[in-house]
Every structure is written in C-alpha cells, then in structure tokens.
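*Asks:* I need the structure of the sequence given here:
(3 chains)
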Amino acid sequence: MNDRTEDAPPTMKLGYPCINTTIGCTANSTFRLASYSNQRFIETVRNNIRCTARILRFNVEHGLLFFRIGDLVPFASHPVCRIDWPLYFRRELAEAGQFIADHGIRISMHPDQFVLLNALDEGILRNSLEELDYHAKLLDALRLDSTAKIQIHAGGVYGGKSGSIARFAERCRRLPPRIRRRLVIENDDRSYGLADCLEVHRLTGVPVVFDNFHHERLNAGEPLREALLAATATWAAADGLPMVDYSSQQPAGPRGRHATSVDLRHFGRFLDATEGLDFDIMLEIKDKEQSALRAIRTLRRRRMPAA
DNA sequence: AGTTGTCAAGCTAGT
DNA sequence: ACTAGCTTGACAACT
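*Replies:* Numbers count the residues shown, from 1 in each chain, chains lettered A, B, ... in the order given. This is a model prediction of the structure:
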C-alpha cells in the first residue's frame, strides 16, 4: 500500500509540530488554573484559533502540508471548563477546517504523557478518556475525516508489559468509535518499542506511527527500512498515508533531546534508507518551521524532482 | 527586560 | 516509602 509504483509520484507531506517561530503568534497559549475565568478562557481559545489559522496559511505558502495542532483549548477536559466551546467557536473552527480541507493539509495531535490508556488507576484512566474525548471533539469540530489522527504512546509498564499491552487493547476496544478511528500509537524510547506497538496493532488494528529517533534508542535490532515498512503496513486506506516522526539527537545535549536544527546529512541518510516508500513526515526539531523549510528543499530535490 | 521557578495531569529508576 | 529526573513550552513571579 505504501510501496509506490514507478508511475505514481510520492504524495508525501512534510511538517512540524505546534509552533511557528517566524510569524510571532502562539497557538498554544494557556494560563494557570488559579486564574481561570470564562473570559480568560474565551480570549485564549480565540487567539489560539486565530494563530493556528495564520500558521496554516504560512505553511501552505511554503509548501508545508503536515501540521500538529497543540494545546488549542486549555483545560478542555478539566471540570473547571463549563463552556461548550465546540458550539461557541463553531464558525471559527469550521472555517479553519475548511482551509485545511481545501489545501489538503494533514493534521495530527499528540496528547501528552498524562494520557495513559492502560493505567491501573481508575482516576487516571478517566482523565485519559476525557482528554482523548477533547482531542476527538476538536478534530470533529474542524470537520476533518479519519486521516486526522490522535497520537499517543502505549503507556506505562506497571510491572508487566504483556498484561499492560492486553489492558491497552481491551480499553481500546471499548473506546467510542469517534475516538478509536483517530487513535494511533507511537513507539517510545524507554518502554514500548516498535515490536510492542506492532503487537498492540495486531490486537487492536490501531495504526503505528514510526518514530525514528525513539527507534534509535530502543529497538530489537530492526534496520530502519524494515522497521518503517512494518509500521507503515499497519495503516489502512481510511487512515490516510502513514505518519512518521522524524528527529535526530542534539549533538551536545543529553541523550534523548531533539536537535536544535535539522541535521541534513542525517535526514539525507533517512531518505536514502526509506527510498520508494510513501509517508508523511513530522519533523520534531526545536526550531520548527525553519528546519522544516530546509528539509523540504532536500526532500523535493531527492524525491520530487518534477515538483 | 531578563531570569528562574512553576504548572492539572505520571512514569521510572534509584535511594 | 520517598525523591529526583525525565521532555517540553509558556506562565508568573522575581531580580
């Protein structure tokens, strides 16, 4: 499916997560819970939506057609939030979603470390489900199809990986379809490597986002190309093109820290190793769109000579 | 204006 | 049983 033929050009898109460092607005603005008010909430969300729209325009102008939406609606899953924000911002969200659809932009979201579908603690599970519900609500309010994904890790180990994977799978089966159709899991760099994620896929059908940097740190010896092939094979037609997170180690930084700026030689080797495969690339590099712009020049030169 | 600690939420390894 | 460390980015309080 992801192996393209000689006739079919790659449709690969490239992008970056959450933040644009050039245009001078933030789409992930938040505030302290202690200073919560309806007014502050509404102002913050309005500004976040506006900034997201500006970023998406910038991205389209620069050929960056993959974007991860960050924390657009602070406290959305917290009981303090009493506003029906999908309704309140219905028009703005639908407009942004229309822009996304019109320009063929690929969208992902990545809830953070607190979303643990295999949690042992009922409260943590409840919070995780609320948080997943928020993410699905936002993508629904943007009126995006099932190719817009919510990406999480497999979760904690809790003293037994196979039991925790089984628990993940069981919880997954019980998810409402509006969440499950968007859920994808990403290999992490400490507990659940690619092989574990493939096992989760086998049990649930959930597609696997391959993260090359995490794979460099935690693997079972699978070469890059083989690993990426296995991950991309987990994506069905309705899921869209497979998503891949790309990053490299910050040279002088502590192990695991993302590079400040893209290492084009490392990126070139990555493209060499994955030649002929089609997937969307999320560039997880600190300077965001600046590296994405450099990377897409490299990508076009190597993969899309006609474009 | 710039710096530093804190933030809704958790896991893991080490003591 | 408890604490420090983990990634990340932005707020908020402080210098």
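
*Asks:* what is the burial count for the residue of the stretch 1-150 of chain A found nearest DNA strand B?
*Replies:* When you check the stretch 1-150 of chain A against DNA strand B by CB to the nearest atom of the strand, the closest residue turns out to be A:Leu33, at 2.9 Å. Heads up, the C-betas are built off the backbone N, CA and C, glycines and all. Other residues within reach of A:Leu33, judged by other CB atoms under 10 Å, total 10.

*Asks:* now do the one 10 residues further on
*Replies:* By other CB under 10 Å, the residues close to A:Glu43 number 13.

*Asks:* okay, it: pLDDT?
*Replies:* Looking at A:Glu43, its pLDDT is 95.

*Asks:* next, it: phi, psi?
*Replies:* In terms of degrees, to the nearest 10, the main-chain angles of A:Glu43 are phi -60, psi -40.

*Asks:* swap in A:Ile296?
*Replies:* As for A:Ile296, its main-chain torsions (degrees, to the nearest 10) stand at phi -70, psi -30.

*Asks:* OK, contacts around the spatially closest residue to it that is not a sequence neighbour?
*Replies:* In space, not counting the residues next to it along the chain, A:Ile296 is nearest to A:Leu14; the distance is 5.1 Å by CB to CB, 6 or more residues apart in numbering. In this structure, A:Leu14 makes contact with A:64-66, A:280-281, A:283, A:292, A:295-296, A:299, judged by CB atoms under 8 Å, 6 or more residues apart in numbering.

*Asks:* most neighbours, which of the residues you listed?
*Replies:* Of all these, the most densely surrounded is A:Leu283 (29 neighbours; neighbours counted as other CB under 10 Å).

*Asks:* is that residue in contact with A:Leu264, as I believe?
*Replies:* No: contact status for A:Leu283 versus A:Leu264: not in contact, 11.4 Å apart, counting by CB atoms under 8 Å.

*Asks:* now the common contact residues for these two.
*Replies:* Contact criterion CB under 8 Å, 6+ apart; residues shared by A:Leu283 and A:Leu264: A:Ala295.

*Asks:* how many neighbours does the residue nearest to A:Leu224 when sequence neighbours are not counted have?
*Replies:* By the measure of CB to CB, 6+ apart, the closest residue to A:Leu224 outside its immediate chain neighbours is A:Ala273, 4.6 Å from it. Residues near A:Ala273, counting by other CB under 10 Å, number 15.
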